[in-house]
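Undergrad: got a sequence here, can you model it:
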Amino acid sequence: MARGHQQLEHLLRRAGFGASVEDLEAYQDLALPVVTDLLLDIDDDDDVDRLIGAPDRVSVTTRGTFAPDTNIEDARQRWLFRMIHARNPVQEKMALFWHNHFATAYSKVAGFAGARQGARMMAGKPGAVEGPPGQIELFRQHALGSFRDLLLAVARDPAMLVWLDGRTNTRQRPQENFAREIMELFTFGIGNYTEADVYAAARVFTGWNLQPTGNLRNDGYYEFVFRAAQHDTADKTFTFPIYRDGSRTIAARSGDAGMQDGVDFITALATQPNTAQRLARRLWAFLVSETEAPPAGFVDTAAAIYLQNRTEMKPVVRYVLRSPWFNDPANDFSRYSWPAEYVVRAVKEIGWAGYSIDNARTPLTNMGQTLFEPPDVAGWALGEAWFSTGAMLARMNFAASLAFNQKFNLGRAAQPFAESPERLLEYFLDRLSPSPYDGGPHAELLDYLRAGEPWTGNEAQVNVKAPGLARLIAGSAEYQVI
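TA: Model (predicted):
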(Lines give C-alpha, C1' and ligand atoms only; values in the text may rest on other atoms or scores of the structure.)
Protein backbone atom coordinates (compact mmCIF):
# COMPACT_ATOMS: atom_id res chain seq x y z
CA MET A 1 0.00 0.00 0.00
CA ALA A 2 3.01 2.26 -0.24
CA ARG A 3 1.98 5.86 -0.53
CA GLY A 4 5.33 6.81 -1.99
CA HIS A 5 4.54 10.42 -2.74
CA GLN A 6 5.78 12.56 0.12
CA GLN A 7 5.20 15.88 -1.66
CA LEU A 8 1.58 14.99 -2.34
CA GLU A 9 1.05 13.98 1.28
CA HIS A 10 2.68 17.22 2.40
CA LEU A 11 0.35 19.23 0.15
CA LEU A 12 -2.75 17.43 1.43
CA ARG A 13 -1.75 17.86 5.08
CA ARG A 14 -1.23 21.60 4.67
CA ALA A 15 -3.93 22.50 2.13
CA GLY A 16 -6.33 20.05 3.74
CA PHE A 17 -6.42 17.74 6.72
CA GLY A 18 -4.28 14.84 5.58
CA ALA A 19 -5.31 12.04 3.29
CA SER A 20 -6.97 8.68 3.41
CA VAL A 21 -5.74 6.03 1.01
CA GLU A 22 -8.70 6.86 -1.24
CA ASP A 23 -7.73 10.54 -1.28
CA LEU A 24 -4.22 9.69 -2.40
CA GLU A 25 -5.44 7.34 -5.11
CA ALA A 26 -7.49 10.19 -6.59
CA TYR A 27 -4.40 12.38 -7.06
CA GLN A 28 -1.39 10.07 -7.28
CA ASP A 29 -1.11 10.09 -11.10
CA LEU A 30 -1.33 13.88 -11.39
CA ALA A 31 1.49 16.42 -11.34
CA LEU A 32 1.63 18.47 -8.14
CA PRO A 33 0.80 21.79 -9.87
CA VAL A 34 -2.31 20.14 -11.31
CA VAL A 35 -3.31 18.84 -7.87
CA THR A 36 -2.78 22.30 -6.42
CA ASP A 37 -5.05 23.85 -9.02
CA LEU A 38 -7.72 21.20 -8.43
CA LEU A 39 -7.61 21.85 -4.70
CA LEU A 40 -7.92 25.60 -5.21
CA ASP A 41 -10.79 25.25 -7.68
CA ILE A 42 -13.51 25.26 -5.05
CA ASP A 43 -16.70 23.66 -6.32
CA ASP A 44 -19.78 25.57 -5.19
CA ASP A 45 -21.80 22.39 -5.75
CA ASP A 46 -19.81 20.41 -3.18
CA ASP A 47 -22.73 19.95 -0.80
CA VAL A 48 -20.90 17.59 1.50
CA ASP A 49 -23.70 17.91 4.05
CA ARG A 50 -25.92 15.63 1.97
CA LEU A 51 -23.55 12.78 2.88
CA ILE A 52 -24.22 13.11 6.61
CA GLY A 53 -25.75 9.82 7.70
CA ALA A 54 -24.40 7.83 4.76
CA PRO A 55 -23.16 4.39 5.93
CA ASP A 56 -19.73 4.78 4.36
CA ARG A 57 -18.98 8.07 6.13
CA VAL A 58 -18.11 9.02 9.68
CA SER A 59 -21.24 9.08 11.80
CA VAL A 60 -22.83 11.89 13.78
CA THR A 61 -24.74 11.49 17.02
CA THR A 62 -28.21 12.97 17.20
CA ARG A 63 -30.17 14.04 20.25
CA GLY A 64 -33.54 14.11 18.62
CA THR A 65 -33.35 15.89 15.27
CA PHE A 66 -29.85 16.68 14.00
CA ALA A 67 -29.97 20.48 13.81
CA PRO A 68 -26.53 21.94 12.99
CA ASP A 69 -28.04 25.29 11.97
CA THR A 70 -29.55 25.94 15.40
CA ASN A 71 -27.66 23.66 17.81
CA ILE A 72 -24.00 24.50 18.37
CA GLU A 73 -22.98 20.96 19.35
CA ASP A 74 -24.48 19.63 16.13
CA ALA A 75 -22.78 22.48 14.24
CA ARG A 76 -19.43 21.31 15.61
CA GLN A 77 -20.13 17.79 14.43
CA ARG A 78 -21.12 19.04 10.98
CA TRP A 79 -17.93 21.05 10.58
CA LEU A 80 -15.75 18.11 11.60
CA PHE A 81 -17.70 15.94 9.16
CA ARG A 82 -16.99 18.47 6.41
CA MET A 83 -13.28 18.52 7.26
CA ILE A 84 -13.14 14.75 6.86
CA HIS A 85 -15.25 14.31 3.76
CA ALA A 86 -15.42 17.55 1.75
CA ARG A 87 -14.24 17.35 -1.85
CA ASN A 88 -12.92 20.88 -1.26
CA PRO A 89 -10.64 20.47 1.77
CA VAL A 90 -9.04 23.87 1.09
CA GLN A 91 -12.41 25.50 1.69
CA GLU A 92 -12.66 24.00 5.17
CA LYS A 93 -8.96 24.62 5.87
CA MET A 94 -9.23 28.30 4.99
CA ALA A 95 -12.48 28.58 6.93
CA LEU A 96 -10.52 27.35 9.95
CA PHE A 97 -7.81 29.92 9.22
CA TRP A 98 -10.38 32.75 9.04
CA HIS A 99 -12.17 31.44 12.13
CA ASN A 100 -8.97 32.03 14.08
CA HIS A 101 -8.21 35.31 12.29
CA PHE A 102 -11.66 36.76 13.04
CA ALA A 103 -11.97 34.87 16.32
CA THR A 104 -15.55 35.03 17.62
CA ALA A 105 -16.87 33.01 20.55
CA TYR A 106 -20.31 31.41 20.55
CA SER A 107 -20.66 31.82 24.33
CA LYS A 108 -20.92 35.61 24.18
CA VAL A 109 -23.17 35.53 21.12
CA ALA A 110 -25.49 33.02 22.79
CA GLY A 111 -25.39 35.04 26.01
CA PHE A 112 -26.98 37.89 24.10
CA ALA A 113 -29.22 36.05 21.63
CA GLY A 114 -29.89 32.70 23.31
CA ALA A 115 -28.53 29.26 22.43
CA ARG A 116 -30.66 28.68 19.31
CA GLN A 117 -30.10 32.10 17.79
CA GLY A 118 -26.45 32.04 18.83
CA ALA A 119 -25.87 28.81 16.92
CA ARG A 120 -27.71 30.28 13.96
CA MET A 121 -25.50 33.37 13.98
CA MET A 122 -22.36 31.23 14.15
CA ALA A 123 -23.25 28.35 11.83
CA GLY A 124 -26.59 28.78 10.06
CA LYS A 125 -26.43 27.48 6.50
CA PRO A 126 -27.97 29.59 3.70
CA GLY A 127 -31.15 27.97 2.52
CA ALA A 128 -31.51 25.88 5.65
CA VAL A 129 -32.60 28.83 7.78
CA GLU A 130 -33.90 32.28 7.01
CA GLY A 131 -31.75 35.34 7.40
CA PRO A 132 -28.04 36.01 6.96
CA PRO A 133 -25.58 33.11 6.85
CA GLY A 134 -23.78 32.04 9.98
CA GLN A 135 -20.28 33.37 10.42
CA ILE A 136 -18.57 30.11 9.50
CA GLU A 137 -20.55 30.06 6.26
CA LEU A 138 -19.13 33.50 5.46
CA PHE A 139 -15.65 32.08 5.93
CA ARG A 140 -16.44 29.14 3.65
CA GLN A 141 -18.02 31.41 1.03
CA HIS A 142 -15.06 33.81 1.02
CA ALA A 143 -12.40 31.15 1.72
CA LEU A 144 -10.23 32.11 -1.27
CA GLY A 145 -12.07 35.23 -2.39
CA SER A 146 -11.47 38.92 -1.89
CA PHE A 147 -10.19 39.76 1.58
CA ARG A 148 -11.73 43.20 1.20
CA ASP A 149 -15.14 41.62 0.58
CA LEU A 150 -14.67 39.23 3.50
CA LEU A 151 -13.73 42.11 5.77
CA LEU A 152 -16.85 44.00 4.72
CA ALA A 153 -19.00 40.91 5.29
CA VAL A 154 -17.49 40.41 8.74
CA ALA A 155 -18.18 44.04 9.66
CA ARG A 156 -21.88 43.39 8.90
CA ASP A 157 -21.95 39.90 10.42
CA PRO A 158 -24.48 39.57 13.28
CA ALA A 159 -22.16 37.40 15.38
CA MET A 160 -19.34 39.95 15.06
CA LEU A 161 -21.73 42.80 15.86
CA VAL A 162 -22.44 41.07 19.16
CA TRP A 163 -18.90 39.84 19.82
CA LEU A 164 -17.25 43.26 19.46
CA ASP A 165 -20.26 45.30 20.56
CA GLY A 166 -21.01 46.95 17.24
CA ARG A 167 -24.70 46.57 17.97
CA THR A 168 -24.35 49.40 20.53
CA ASN A 169 -22.31 51.79 18.34
CA THR A 170 -24.12 55.15 18.08
CA ARG A 171 -23.08 58.71 17.34
CA GLN A 172 -23.73 59.70 20.96
CA ARG A 173 -21.48 56.89 22.26
CA PRO A 174 -19.08 55.54 19.64
CA GLN A 175 -18.05 51.96 20.49
CA GLU A 176 -14.32 51.37 19.94
CA ASN A 177 -14.00 47.57 20.21
CA PHE A 178 -14.50 46.66 16.56
CA ALA A 179 -12.68 49.80 15.44
CA ARG A 180 -9.58 48.76 17.36
CA GLU A 181 -9.58 45.10 16.38
CA ILE A 182 -10.17 45.69 12.69
CA MET A 183 -6.84 47.53 12.66
CA GLU A 184 -4.89 45.65 15.34
CA LEU A 185 -5.89 42.05 14.57
CA PHE A 186 -7.80 41.86 11.32
CA THR A 187 -5.63 44.03 9.06
CA PHE A 188 -2.32 45.86 9.39
CA GLY A 189 -1.50 45.33 13.08
CA ILE A 190 -0.04 47.19 16.03
CA GLY A 191 2.28 50.08 15.21
CA ASN A 192 0.33 51.27 12.20
CA TYR A 193 -2.41 53.24 13.94
CA THR A 194 -2.91 55.58 16.90
CA GLU A 195 -5.57 55.97 19.58
CA ALA A 196 -6.94 58.89 17.57
CA ASP A 197 -7.39 56.48 14.65
CA VAL A 198 -9.35 54.10 16.89
CA TYR A 199 -11.77 56.86 17.87
CA ALA A 200 -12.15 58.04 14.28
CA ALA A 201 -12.80 54.44 13.15
CA ALA A 202 -15.42 54.00 15.85
CA ARG A 203 -17.20 57.04 14.42
CA VAL A 204 -16.96 55.54 10.93
CA PHE A 205 -19.03 52.54 12.09
CA THR A 206 -21.64 54.42 14.10
CA GLY A 207 -25.05 53.19 13.03
CA TRP A 208 -23.74 49.77 11.92
CA ASN A 209 -26.08 47.95 14.28
CA LEU A 210 -28.21 44.84 14.73
CA GLN A 211 -31.93 44.31 14.64
CA PRO A 212 -34.32 41.38 15.24
CA THR A 213 -36.61 40.34 12.40
CA GLY A 214 -39.74 38.27 12.95
CA ASN A 215 -40.46 35.97 15.87
CA LEU A 216 -37.10 34.95 17.30
CA ARG A 217 -38.61 31.84 18.94
CA ASN A 218 -39.60 30.46 15.55
CA ASP A 219 -38.17 31.55 12.19
CA GLY A 220 -37.07 35.04 13.20
CA TYR A 221 -33.44 36.09 13.17
CA TYR A 222 -31.00 38.92 13.82
CA GLU A 223 -29.62 40.87 10.91
CA PHE A 224 -27.42 43.86 10.19
CA VAL A 225 -29.07 47.26 9.95
CA PHE A 226 -27.59 50.65 9.14
CA ARG A 227 -29.29 53.33 11.21
CA ALA A 228 -28.67 56.59 9.40
CA ALA A 229 -29.89 58.64 12.35
CA GLN A 230 -27.20 57.09 14.58
CA HIS A 231 -24.33 57.80 12.18
CA ASP A 232 -21.76 60.48 12.92
CA THR A 233 -21.84 62.60 9.77
CA ALA A 234 -18.76 64.76 10.45
CA ASP A 235 -15.29 64.40 8.87
CA LYS A 236 -13.07 61.54 10.09
CA THR A 237 -9.32 62.05 9.71
CA PHE A 238 -6.68 59.33 10.10
CA THR A 239 -2.90 59.17 10.35
CA PHE A 240 -2.72 56.93 7.25
CA PRO A 241 -4.13 57.32 3.73
CA ILE A 242 -7.72 56.35 3.07
CA TYR A 243 -7.86 57.19 -0.64
CA ARG A 244 -5.54 56.58 -3.56
CA ASP A 245 -4.77 60.28 -3.85
CA GLY A 246 -3.23 60.15 -0.36
CA SER A 247 -6.14 61.87 1.40
CA ARG A 248 -6.44 60.85 5.03
CA THR A 249 -9.91 62.28 5.61
CA ILE A 250 -13.30 60.70 5.03
CA ALA A 251 -15.33 63.79 4.21
CA ALA A 252 -18.62 64.63 5.91
CA ARG A 253 -21.63 62.85 4.46
CA SER A 254 -25.33 62.85 5.20
CA GLY A 255 -26.60 60.14 7.48
CA ASP A 256 -28.34 58.38 4.60
CA ALA A 257 -25.03 58.15 2.72
CA GLY A 258 -22.99 57.43 5.84
CA MET A 259 -22.55 53.70 5.34
CA GLN A 260 -20.06 54.55 2.61
CA ASP A 261 -17.70 55.76 5.35
CA GLY A 262 -17.26 52.18 6.49
CA VAL A 263 -16.90 50.85 2.95
CA ASP A 264 -14.17 53.41 2.21
CA PHE A 265 -12.40 52.67 5.48
CA ILE A 266 -12.48 48.88 5.01
CA THR A 267 -11.24 49.23 1.44
CA ALA A 268 -8.35 51.38 2.69
CA LEU A 269 -7.38 48.85 5.36
CA ALA A 270 -7.64 45.87 3.02
CA THR A 271 -5.40 47.50 0.42
CA GLN A 272 -2.75 48.77 2.82
CA PRO A 273 0.70 47.30 2.02
CA ASN A 274 1.15 46.46 5.69
CA THR A 275 -2.05 44.42 5.62
CA ALA A 276 -0.76 42.53 2.59
CA GLN A 277 2.51 41.75 4.37
CA ARG A 278 0.78 40.73 7.60
CA LEU A 279 -1.47 38.29 5.76
CA ALA A 280 1.57 36.91 3.93
CA ARG A 281 3.31 36.24 7.24
CA ARG A 282 0.22 34.56 8.68
CA LEU A 283 -0.13 32.35 5.63
CA TRP A 284 3.54 31.41 5.93
CA ALA A 285 2.97 30.20 9.49
CA PHE A 286 -0.28 28.42 8.55
CA LEU A 287 0.86 26.75 5.34
CA VAL A 288 4.68 26.66 5.27
CA SER A 289 6.48 26.68 8.62
CA GLU A 290 6.21 27.65 12.26
CA THR A 291 9.83 26.85 12.97
CA GLU A 292 11.42 29.32 10.55
CA ALA A 293 10.62 32.99 9.97
CA PRO A 294 9.41 33.83 6.46
CA PRO A 295 12.12 35.15 4.14
CA ALA A 296 11.70 38.74 2.99
CA GLY A 297 11.42 37.54 -0.60
CA PHE A 298 8.44 35.36 0.25
CA VAL A 299 6.61 38.11 2.14
CA ASP A 300 7.27 40.75 -0.50
CA THR A 301 6.17 38.52 -3.38
CA ALA A 302 3.03 37.23 -1.63
CA ALA A 303 2.07 40.77 -0.63
CA ALA A 304 2.61 42.05 -4.17
CA ILE A 305 0.41 39.27 -5.60
CA TYR A 306 -2.30 40.15 -3.07
CA LEU A 307 -2.28 43.83 -4.03
CA GLN A 308 -1.99 43.18 -7.77
CA ASN A 309 -5.04 40.93 -7.57
CA ARG A 310 -7.18 43.41 -5.64
CA THR A 311 -7.01 41.44 -2.36
CA GLU A 312 -8.06 38.11 -3.93
CA MET A 313 -6.67 35.30 -1.78
CA LYS A 314 -6.70 32.48 -4.32
CA PRO A 315 -3.66 33.77 -6.29
CA VAL A 316 -1.81 34.32 -3.02
CA VAL A 317 -2.50 30.82 -1.71
CA ARG A 318 -1.57 29.36 -5.11
CA TYR A 319 1.75 31.19 -4.91
CA VAL A 320 2.36 29.87 -1.40
CA LEU A 321 1.59 26.25 -2.31
CA ARG A 322 3.77 26.38 -5.42
CA SER A 323 6.62 28.31 -3.83
CA PRO A 324 10.07 26.74 -3.42
CA TRP A 325 9.77 27.20 0.33
CA PHE A 326 6.55 25.20 0.56
CA ASN A 327 8.04 22.44 -1.56
CA ASP A 328 11.37 22.34 0.28
CA PRO A 329 11.53 18.98 2.13
CA ALA A 330 13.11 20.86 5.05
CA ASN A 331 9.67 22.38 5.70
CA ASP A 332 7.87 19.05 5.84
CA PHE A 333 6.46 18.50 9.33
CA SER A 334 7.46 22.02 10.36
CA ARG A 335 4.07 23.08 11.69
CA TYR A 336 2.34 21.99 14.87
CA SER A 337 -1.10 20.55 14.23
CA TRP A 338 -4.08 22.33 15.71
CA PRO A 339 -6.35 19.95 17.67
CA ALA A 340 -8.99 19.96 14.92
CA GLU A 341 -6.32 19.14 12.34
CA TYR A 342 -4.95 16.37 14.53
CA VAL A 343 -8.36 14.78 15.11
CA VAL A 344 -9.45 14.93 11.48
CA ARG A 345 -6.14 13.59 10.18
CA ALA A 346 -6.25 10.71 12.69
CA VAL A 347 -9.79 9.80 11.68
CA LYS A 348 -8.91 9.94 7.98
CA GLU A 349 -5.83 7.75 8.45
CA ILE A 350 -6.94 5.32 11.18
CA GLY A 351 -10.54 4.93 10.00
CA TRP A 352 -14.10 5.96 10.70
CA ALA A 353 -16.33 2.96 9.98
CA GLY A 354 -18.80 2.80 12.88
CA TYR A 355 -17.27 5.87 14.55
CA SER A 356 -19.25 8.95 15.59
CA ILE A 357 -17.44 12.26 15.27
CA ASP A 358 -19.41 13.39 18.30
CA ASN A 359 -16.89 11.37 20.31
CA ALA A 360 -14.23 13.90 19.33
CA ARG A 361 -15.89 17.00 20.75
CA THR A 362 -14.85 16.59 24.39
CA PRO A 363 -11.33 15.42 23.51
CA LEU A 364 -10.94 18.50 21.30
CA THR A 365 -11.84 20.73 24.22
CA ASN A 366 -9.34 18.87 26.40
CA MET A 367 -6.71 19.42 23.70
CA GLY A 368 -7.38 23.17 23.90
CA GLN A 369 -9.67 23.84 20.94
CA THR A 370 -13.44 24.04 21.00
CA LEU A 371 -14.72 24.98 17.56
CA PHE A 372 -16.75 28.21 17.60
CA GLU A 373 -15.17 29.07 20.96
CA PRO A 374 -11.74 30.73 20.61
CA PRO A 375 -10.51 32.03 23.97
CA ASP A 376 -10.51 35.72 22.99
CA VAL A 377 -10.46 38.06 20.02
CA ALA A 378 -6.80 37.24 19.36
CA GLY A 379 -7.71 33.61 18.70
CA TRP A 380 -5.93 30.52 19.94
CA ALA A 381 -2.29 30.53 20.99
CA LEU A 382 -0.63 28.48 18.26
CA GLY A 383 2.56 26.50 17.74
CA GLU A 384 4.08 24.87 20.79
CA ALA A 385 1.41 26.54 22.94
CA TRP A 386 -0.96 23.72 21.97
CA PHE A 387 1.16 21.22 23.88
CA SER A 388 0.63 21.49 27.61
CA THR A 389 0.93 18.26 29.56
CA GLY A 390 -2.84 17.96 29.80
CA ALA A 391 -3.40 18.71 26.13
CA MET A 392 -0.85 16.13 25.03
CA LEU A 393 -2.42 13.56 27.34
CA ALA A 394 -5.77 14.35 25.71
CA ARG A 395 -4.27 13.67 22.27
CA MET A 396 -2.85 10.35 23.44
CA ASN A 397 -6.18 9.37 25.01
CA PHE A 398 -8.01 10.27 21.81
CA ALA A 399 -5.60 8.16 19.77
CA ALA A 400 -6.23 5.23 22.11
CA SER A 401 -10.01 5.64 21.95
CA LEU A 402 -10.10 5.93 18.16
CA ALA A 403 -7.75 2.98 17.64
CA PHE A 404 -9.80 0.82 20.01
CA ASN A 405 -12.97 1.75 18.15
CA GLN A 406 -11.34 0.73 14.86
CA LYS A 407 -9.49 -2.34 16.18
CA PHE A 408 -11.20 -4.93 14.00
CA ASN A 409 -11.00 -2.77 10.88
CA LEU A 410 -7.31 -2.14 11.56
CA GLY A 411 -6.66 -5.82 12.15
CA ARG A 412 -8.32 -6.85 8.90
CA ALA A 413 -6.46 -4.22 6.89
CA ALA A 414 -3.11 -5.13 8.47
CA GLN A 415 -3.38 -8.90 8.07
CA PRO A 416 -1.72 -9.02 4.59
CA PHE A 417 1.34 -7.28 6.07
CA ALA A 418 1.74 -9.43 9.17
CA GLU A 419 4.53 -11.74 8.04
CA SER A 420 6.92 -9.95 10.43
CA PRO A 421 6.89 -7.15 13.01
CA GLU A 422 9.10 -5.11 10.68
CA ARG A 423 6.64 -5.41 7.81
CA LEU A 424 3.65 -4.59 10.01
CA LEU A 425 5.39 -1.49 11.34
CA GLU A 426 6.25 -0.43 7.80
CA TYR A 427 2.58 -0.73 6.86
CA PHE A 428 1.42 1.43 9.77
CA LEU A 429 4.08 4.10 9.32
CA ASP A 430 2.96 4.28 5.71
CA ARG A 431 -0.75 4.39 6.57
CA LEU A 432 -0.46 6.99 9.34
CA SER A 433 2.34 9.11 7.81
CA PRO A 434 4.04 10.52 10.92
CA SER A 435 7.24 12.50 10.60
CA PRO A 436 10.29 10.20 10.38
CA TYR A 437 11.22 8.44 13.63
CA ASP A 438 14.74 8.48 14.96
CA GLY A 439 16.36 5.15 15.66
CA GLY A 440 15.37 4.98 19.32
CA PRO A 441 11.60 5.56 18.95
CA HIS A 442 11.52 3.34 15.86
CA ALA A 443 13.13 0.54 17.85
CA GLU A 444 10.61 1.03 20.67
CA LEU A 445 7.71 0.55 18.25
CA LEU A 446 9.31 -2.70 17.08
CA ASP A 447 9.83 -3.75 20.70
CA TYR A 448 6.09 -3.27 21.30
CA LEU A 449 5.27 -5.61 18.41
CA ARG A 450 7.81 -8.21 19.54
CA ALA A 451 6.75 -8.15 23.19
CA GLY A 452 4.81 -11.12 24.52
CA GLU A 453 4.41 -14.37 22.66
CA PRO A 454 6.67 -15.14 19.67
CA TRP A 455 5.53 -13.49 16.47
CA THR A 456 3.26 -15.61 14.29
CA GLY A 457 1.19 -12.92 12.59
CA ASN A 458 -2.01 -14.86 13.20
CA GLU A 459 -5.36 -13.09 13.28
CA ALA A 460 -5.65 -12.94 17.05
CA GLN A 461 -2.16 -11.48 17.44
CA VAL A 462 -2.66 -8.88 14.73
CA ASN A 463 -6.06 -7.87 16.16
CA VAL A 464 -4.28 -7.01 19.42
CA LYS A 465 -1.12 -5.47 18.06
CA ALA A 466 -2.58 -3.43 15.17
CA PRO A 467 -4.75 -1.03 17.23
CA GLY A 468 -2.04 -0.77 19.86
CA LEU A 469 0.50 0.23 17.25
CA ALA A 470 -1.91 2.76 15.70
CA ARG A 471 -2.44 4.24 19.16
CA LEU A 472 1.29 4.54 19.81
CA ILE A 473 1.98 6.21 16.47
CA ALA A 474 -0.94 8.65 16.59
CA GLY A 475 -0.10 9.52 20.17
CA SER A 476 3.60 10.05 19.51
CA ALA A 477 5.39 13.37 19.17
CA GLU A 478 6.12 12.55 15.54
CA TYR A 479 2.41 12.62 14.72
CA GLN A 480 1.74 16.05 16.22
CA VAL A 481 3.39 17.92 13.36
CA ILE A 482 2.12 18.30 9.81
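Undergrad: next, A26: secondary structure please.
TA: Using DSSP: H, G, I helix; E, B strand; the rest coil, the structure places A26 in helix.
Undergrad: tell me the confidence at it?
TA: Note for A26: predicted pLDDT of 90.
Undergrad: how many neighbouring residues does it have?
TA: A26 is flanked by 13 other residues according to other Cβ atoms under 10 Å. (C-beta placed from N, C-alpha, C; glycine too.)
Undergrad: and it, how far from Q6?
TA: 17 Å (Cβ to Cβ, to the nearest Å).
Undergrad: again, but for L424
TA: Taken as Cβ to Cβ, the span from L424 to Q6 is 21 Å.
Undergrad: the two: which has the busier surroundings?
TA: Neighbours were counted for L424 and for Q6 using other Cβ under 10 Å; L424 has more, 24 against 11.
Undergrad: so for stretch 209-217, mean pLDDT?
TA: So the average pLDDT for stretch 209-217 ends up being 96.
Undergrad: what's the answer for stretch 249-261, then?
TA: 98.
Undergrad: now tell me what touches it from outside.
TA: The contact list for stretch 249-261, computed with Cβ atoms under 8 Å, 6 or more residues apart in numbering, reads 204-208, 226, 228-229, 231-238, 242, 264-265.
Undergrad: in strands, which of those residues fall?
TA: W208, F226, K236, T237 (DSSP state E).
Undergrad: select, from the residues you listed, the two members most distant in space.
TA: Farthest-apart pair in these is F226 and T237; separation 22.1 Å (Cβ to Cβ).
Undergrad: compare these two and say which is more crowded by neighbours.
TA: Between F226 and T237, counting by other Cβ under 10 Å, F226 is the more crowded of the two (17 against 14).
Undergrad: and the gap between the nearest residue to the more buried one once chain neighbours are set aside and R244?
TA: Of all residues not flanking F226 in the chain, M259 sits nearest, at 4.7 Å (Cβ to Cβ, 6 or more residues apart in numbering). Separation of M259 from R244 (Cβ to Cβ): 20 Å.
Undergrad: so between these two, which is more surrounded?
TA: Per other Cβ under 10 Å, whichever of M259 and R244 has more neighbours is M259, with 19 against 9.
Undergrad: how far away is that one from Q141?
TA: Distance of M259 to Q141, given as Cβ to Cβ: 21 Å.
Undergrad: in this protein, which helix or strand is least confident?
TA: Using mean pLDDT, DSSP states H and E, helix 21-27 stands out as the lowest-scoring helix or strand of the chain, at a mean of 89.
Undergrad: quick one: buried residues of it?
TA: D23, L24, Y27 (16 or more other Cβ atoms under 10 Å).
Undergrad: try stretch 83-97
TA: Buried, per 16+ other Cβ under 10 Å, within stretch 83-97: 83-86, 88-97.
Undergrad: in TSV, list the buried residues of helix 21-27 along with distance to A443.
TA: As requested, the buried residues of helix 21-27 are exported to TSV (distance: Cβ to Cβ, whole Å):
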residue	distance to A443
D23	31
L24	28
Y27	33
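Undergrad: go through the residues you listed and name the one nearest Y221.
TA: For these, the residue nearest Y221 by Cβ to Cβ is D23; the value is 36.9 Å.
Undergrad: surely that closest one and R13 touch.
TA: No: taking Cβ atoms under 8 Å as the definition, D23 is not a contact partner of R13, at 10.9 Å.
Undergrad: shaky segments in the protein?
TA: Across the chain, the ranges flagged by pLDDT under 70 are 1-4.
Undergrad: strands along that one, start to end?
TA: Counting by DSSP E, the strands of the chain are 208-213, 221-226, 236-237, 249-250.
Undergrad: okay, these in a markdown table with distance to P295 next?
TA: Conversion of these to a markdown table gives the following (distance: least, Cβ to Cβ, whole Å):
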| stretch | distance to P295 |
| --- | --- |
| strand 208-213 | 39 |
| strand 221-226 | 41 |
| strand 236-237 | 37 |
| strand 249-250 | 37 |
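Undergrad: what about those, which gets the closest to V344?
TA: Minimum separation from V344 across those (Cβ to Cβ) falls at strand 221-226, 30.2 Å.
Undergrad: quick one: the closest one to strand 208-213, angle?
TA: Orientation check (axes from the mean of the first three to the mean of the last three Cα atoms, to 10 degrees): strand 221-226 against strand 208-213 gives 140 degrees.
Undergrad: let the chain start at 8 from now.
TA: That works, and once the first residue is 8, the last one we named lands at strand 228-233.
Undergrad: show me what strand 228-233 is packed up against.
TA: helix 122-130, helix 165-170, strand 215-220 (3 or more Cβ pairs under 8 Å, 6 or more residues apart in numbering; DSSP states H and E).
Undergrad: please work out which of these is packed deepest.
TA: helix 165-170 (a mean of 27; mean count of other Cβ atoms under 10 Å).
Undergrad: name the residues that touch that helix?
TA: Against helix 165-170 from outside (Cβ under 8 Å, 6+ apart): 109, 111-112, 115-116, 119-120, 125, 128-129, 139, 141-142, 161, 173-174, 185, 215-217, 228-231, 384.
Undergrad: A283: how many residues sit nearby?
TA: 24.
Undergrad: tell me how far the residue lying closest to it once chain neighbours are set aside lies from A82.
TA: What sits nearest to A283 in space, not counting adjacent residues and going by Cβ to Cβ, 6+ apart, is A310, at 3.6 Å. Per Cβ to Cβ, A310 is found 34 Å from A82.
Undergrad: neighbour count for these two, which is higher?
TA: Neighbour count, other Cβ under 10 Å: between A310 and A82, A82 has more, with 24 against 20.
Undergrad: thought that one was touching F379?
TA: Yes: at 6.7 Å, A82 counts as touching F379 under the criterion of Cβ under 8 Å.
Undergrad: shared neighbours, the two?
TA: In contact with both A82 and F379: M129, A130, I143, using Cβ under 8 Å, 6+ apart.
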